[in-house]
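Trainee: structure for the following, please:
(chains A, B, C and D)
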4 protein chains.
Amino acid sequence: MRVGVLGARGKVGAEVCAAVEAADDMELVAAVDQGDPIEALVDGGAQVVVDFTHPDVVMDNLEFCVDHGIHAVVGTTGFDQNRLDILGNWLVKSPATGVLIAPNFSIGAILMMRFSALAAPFYESVEIIELHHPNKADAPSGTARRTAELIAAARREAGSAPIPDATSTSLDGARGAVVDGIHVHGLRIRGLVAHQEVVLGGVGETLTIRHDSLDRVSFTPGVLTGVRQIGAHPGLTVGLEHFLDL
Amino acid sequence: MRVGVLGARGKVGAEVCAAVEAADDMELVAAVDQGDPIEALVDGGAQVVVDFTHPDVVMDNLEFCVDHGIHAVVGTTGFDQNRLDILGNWLVKSPATGVLIAPNFSIGAILMMRFSALAAPFYESVEIIELHHPNKADAPSGTARRTAELIAAARREAGSAPIPDATSTSLDGARGAVVDGIHVHGLRIRGLVAHQEVVLGGVGETLTIRHDSLDRVSFTPGVLTGVRQIGAHPGLTVGLEHFLDL
Amino acid sequence: MRVGVLGARGKVGAEVCAAVEAADDMELVAAVDQGDPIEALVDGGAQVVVDFTHPDVVMDNLEFCVDHGIHAVVGTTGFDQNRLDILGNWLVKSPATGVLIAPNFSIGAILMMRFSALAAPFYESVEIIELHHPNKADAPSGTARRTAELIAAARREAGSAPIPDATSTSLDGARGAVVDGIHVHGLRIRGLVAHQEVVLGGVGETLTIRHDSLDRVSFTPGVLTGVRQIGAHPGLTVGLEHFLDL
Amino acid sequence: MRVGVLGARGKVGAEVCAAVEAADDMELVAAVDQGDPIEALVDGGAQVVVDFTHPDVVMDNLEFCVDHGIHAVVGTTGFDQNRLDILGNWLVKSPATGVLIAPNFSIGAILMMRFSALAAPFYESVEIIELHHPNKADAPSGTARRTAELIAAARREAGSAPIPDATSTSLDGARGAVVDGIHVHGLRIRGLVAHQEVVLGGVGETLTIRHDSLDRVSFTPGVLTGVRQIGAHPGLTVGLEHFLDL
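Mentor: Okay, the predicted model is just below:
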């Protein structure tokens, strides 16, 4: 599999280049960054491109890729419905080409969210604990909010009963924040990176699903999964979870 | 939903009766044990029967249920292929009736096994830790062995690479037992009941799925799930996992 | 060691009787409850009495014990400074006798609190998670509040720097309750009993101390420890931690 | 506090230099490596030296420090009894000077070992789980072995009963390795760094002490603790635990 990387000298792009080179089934045929000619992708015969660039340039990059029938796996941010519509139109003219737009390449985070939503209707109780380094500005984390929304949706669809809670006297904040009916607790601890635990409970038993991200390179297996799967998924896909066959 | 219980005065059956009575959507219409007439099921208008009796009587019980078009949720042990074949033949004559034979009604254990097998192909490493009270005679536990087999099968099907392990000097047993290529570690600790943790890891991240059974009544939600779902699953089903829609 | 139990037919007292009978180094010589003559303690030759009775009768019980030189291990509640002063005066007249008043006999809870306070000055960050069944009325738990106070006191004494926290945008409650400067998070989950985790973190590492109480009988080892140690601790002691030699 | 670093351009030494510069109460006055004159320590007025060099040069370095009354905090390996005796003799002539030889600067690991040994006599059961990256050559880890030895010694001293274990049928290795009577389980998982969990259990409760080392810089707080405390500990000290006042 011949792979090109756009944004190859950025922090994330450099990690992607290293991961592609280390993969037995891939060859890095073009490492392109600001100032480099994008035609290097074609010259190198790239079948798939990974784009970690900037919202200002990613649409031009993708137009070039779709025009040349090169699949694209995209971690660059800034995609609204308008951009997705434009992409969809381009892809109509190149129906064999696939583009994956993914806000999150952490397979562990995706699995944690998916399993939590699958399990939630079988349990009376569910709460979320997220733990991060103390330099983080927002609480709870975006992943915790998203997990709460997915769990709440799954419970609504299943017609789950309200979660039991007899708390009658409480210090402010003791029971956490409430996101879509789900209690979420955020810890900020020096030494941690990014961690989340979903605790589900029923009569006499609990199920705990925990994701620990210990190093920022944890996104690379997700990117490689995207690269390997994109050829089998022509058209536009939003979210790596659609490639994981869960 | 009108429910009858066979083996109603046994330890497990008594818990089932209590759980049925506590459920808003169920009514306990017959509690039958040794010496009671099984016709009480028909007199009470039972739609579903739960059977926690004995291998010696369970086949007679099920013949009666199928004959009368009563669905059955069965926790009694001792079903071999021969018994399953006989059951299947009976059900041919009563095609709207469902029978569920389940060796394990713990929803948490089922979810843990299922999620572990789903996740395993996405990770380089996976090991199992099971923790039980120190009166347990066998190590590792049956659930841990079964989990290892399911994980190994999922990895084989996905063509996963061998699990990395550079251990070159080791004390006997330090790396656990190996079940179908998966390392399994068994702890025996006073105060614990039955617990299992599956640890999966890839570059920079880990996913941990943990099931804690803190009380033996943890099987009742699984039995109630069986009772609620059996009407929608005519014929013979082996394993509660087929009702969980995962 | 000859042991008497006051409140022997109460829920807790009955567990204490069973634990004393099961201990190799103890003999249950008197099991006294409402209506029984307290003199049975003397008749049986009790060396130590365990009292789980009621605030209305415990002072009379203890006066009898001290008068007869019988050591007492007391789990009954309702001791204010006035009662402790009275007890102290009685003990002056019987200097070889020991009385232990303990609000908490869980050795695990005591160790968790002690270790957390010892460790806290060595770490930049520390937060508390407590997890209980959903029928609990108060949040956070009394043990979590007490742990927070002990940690805060230890950090003050050590002159620890403020705990880092860059949170600038937050949902209400996301960062938990704040007890004496320590963030405390309370979860309520069906299936759980009483659990607490203290997470401490510094550059590149964390230390986690977790106590799981899975069954209400977990107080019995603490009571037996009190019985075994009371003879070596004449006078009045408040808190089992003073017998643990930490 | 004026601090010098020997081995300042090595991987570890460079981290130490950065940590000293980041500490409010310290000043880095000399960063010395191979080829640099050691007199820079005196010129800079160093009060304390940190040595992460090599067994071949560390004794010369320490002789220089002791001669000049500079305290030393030493992470360099290779100290046998003979070297410790020589050091002791030098220190006789400079009684106000302190030297700390520490094989392990991780405060978390030291606390975990200490707390485990303190707690072990109060519990019937105790086992150790250590989890590391899969490139590690030995199993169990040195820290796990040392923890087992400390726990076993504490239990022997307290006269603890044998640990209960009814295992009668077992797969090879299922119950882990046995170090000094303590069961130890080693996991090797991609994505992990260095982690250890000690699980203690008694009737109805468990206590778990877990240390997670997520980044190799986790030794720097221990080094800084050594630097801050060495002035108050003249003479020779082996092991950072003696400075932690536990």
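
Trainee: ok, A:Ala30 touching A:Gly13?
Mentor: No: when contacts are counted by Cβ atoms under 8 Å, A:Ala30 is not listed as touching A:Gly13 (11.8 Å). Backbone N, C-alpha and C define where each C-beta goes, glycine included.

Trainee: joint contacts of these two?
Mentor: The contact sets of A:Ala30 and A:Gly13 overlap at A:Val5 (Cβ atoms under 8 Å, 6 or more residues apart in numbering or on different chains).

Trainee: relative to the whole chain's centre, how far out is the longest helix along chain A?
Mentor: With secondary structure taken from DSSP state H, chain A has its longest helix at helix A:142-158. Relative to its parent chain, helix A:142-158 has a centroid offset of 16 Å by Cα atoms, centre = their mean, to the nearest Å.

Trainee: quick one: list the elements packing against that helix.
Mentor: Applying 3 or more Cβ pairs under 8 Å, 6 or more residues apart in numbering or on different chains; DSSP states H and E, we find helix A:142-158 packed against helix A:107-119, strand A:125-132, strand A:177-179, strand A:182-188, strand A:194-202.

Trainee: alpha carbons of that helix, as PDB, please.
Mentor: Output of helix A:142-158 as PDB, limited to C-alpha atoms (Å, rounded to 0.1, in the frame of the first residue of the first chain):
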ATOM      1  CA  GLY A 142     -15.300  16.500  25.300                       C
ATOM      2  CA  THR A 143     -15.000  12.700  25.200                       C
ATOM      3  CA  ALA A 144     -16.800  12.400  28.500                       C
ATOM      4  CA  ARG A 145     -19.600  14.600  27.200                       C
ATOM      5  CA  ARG A 146     -19.900  12.700  24.000                       C
ATOM      6  CA  THR A 147     -19.900   9.400  25.900                       C
ATOM      7  CA  ALA A 148     -22.700  10.700  28.200                       C
ATOM      8  CA  GLU A 149     -24.800  11.700  25.100                       C
ATOM      9  CA  LEU A 150     -24.300   8.300  23.500                       C
ATOM     10  CA  ILE A 151     -25.300   6.500  26.700                       C
ATOM     11  CA  ALA A 152     -28.300   8.700  27.200                       C
ATOM     12  CA  ALA A 153     -29.500   8.100  23.600                       C
ATOM     13  CA  ALA A 154     -29.100   4.300  24.000                       C
ATOM     14  CA  ARG A 155     -31.100   4.300  27.200                       C
ATOM     15  CA  ARG A 156     -33.800   6.500  25.700                       C
ATOM     16  CA  GLU A 157     -34.100   4.200  22.700                       C
ATOM     17  CA  ALA A 158     -34.300   1.100  25.000                       C
END
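
Trainee: show me which positions of that helix end up buried.
Mentor: For helix A:142-158, a neighbour-count test (16 or more other Cβ atoms under 10 Å in any protein chain shown) marks A:Thr143, A:Ala144, A:Arg145, A:Arg146, A:Thr147, A:Ala148, A:Glu149, A:Leu150, A:Ile151, A:Ala152, A:Ala154, A:Arg155 as buried.

Trainee: name the nearest residue to the fourth one, ignoring sequence neighbours.
Mentor: For A:Arg146, the nearest residue in space outside its immediate sequence neighbours is A:Met113; the separation is 6.6 Å by Cβ to Cβ, 6 or more residues apart in numbering or on different chains.

Trainee: what about whichever residue of chain A sits closest to chain D, how many residues nearby?
Mentor: Residue of chain A nearest chain D, by Cβ to the nearest Cβ: A:Leu214 (5.3 Å). Residues contacting A:Leu214 under the criterion other Cβ atoms under 10 Å in any protein chain shown number 22.

Trainee: next up, the contacts around it.
Mentor: By Cβ under 8 Å, 6+ apart, the contact set of A:Leu214 is A:Val193, B:Gly204, B:Glu205, B:Thr206, D:Gly191, D:Leu192, D:Val193, D:Leu214.

Trainee: and what of A:Ala194?
Mentor: A:Leu131, A:His132, A:His133, A:Ser141, A:Thr143, A:Ser213.

Trainee: do that again at 10 Å, thanks
Mentor: Residues in contact with A:Ala194 (Cβ atoms under 10 Å, 6 or more residues apart in numbering or on different chains) are A:106, A:109, A:130-133, A:136, A:141, A:143, A:211-216, A:218, B:205.

Trainee: mind checking which of those are buried?
Mentor: A:106, A:109, A:130-133, A:136, A:141, A:143, A:211-214, A:218, B:205.

Trainee: ok, the residue most central in space within chain A to chain B distance?
Mentor: The centre of chain A sits closest to A:Asn104, judged by Cα atoms, centre = their mean, with a distance of 1.6 Å. In this view, A:Asn104 and chain B are 12 Å apart by Cβ to the nearest Cβ, to the nearest Å.

Trainee: again with A:Leu131
Mentor: 13 Å.

Trainee: equivalent analysis for A:Gly181, please.
Mentor: 20 Å.

Trainee: over to A:Glu124?
Mentor: 8 Å.

Trainee: list the contacts of that residue.
Mentor: Neighbouring residues of A:Glu124 by Cβ under 10 Å, 6+ apart: A:160-164, A:200-203, B:221, C:134, C:189-191.

Trainee: closest one to B:Gly4 out of the residues you listed, please.
Mentor: B:Pro221 (19.2 Å; Cβ to Cβ).

Trainee: check what pLDDT that closest one gets.
Mentor: Note on B:Pro221: pLDDT of 91.

Trainee: tell me the secondary structure for it?
Mentor: Put simply, B:Pro221 is helix when judged by DSSP: H, G, I helix; E, B strand; the rest coil.

Trainee: residue contacts, it?
Mentor: Counting by Cβ under 10 Å, 6+ apart, B:Pro221 has contacts A:122-124, A:202-205, B:19, B:23, B:105-108, C:190-191.
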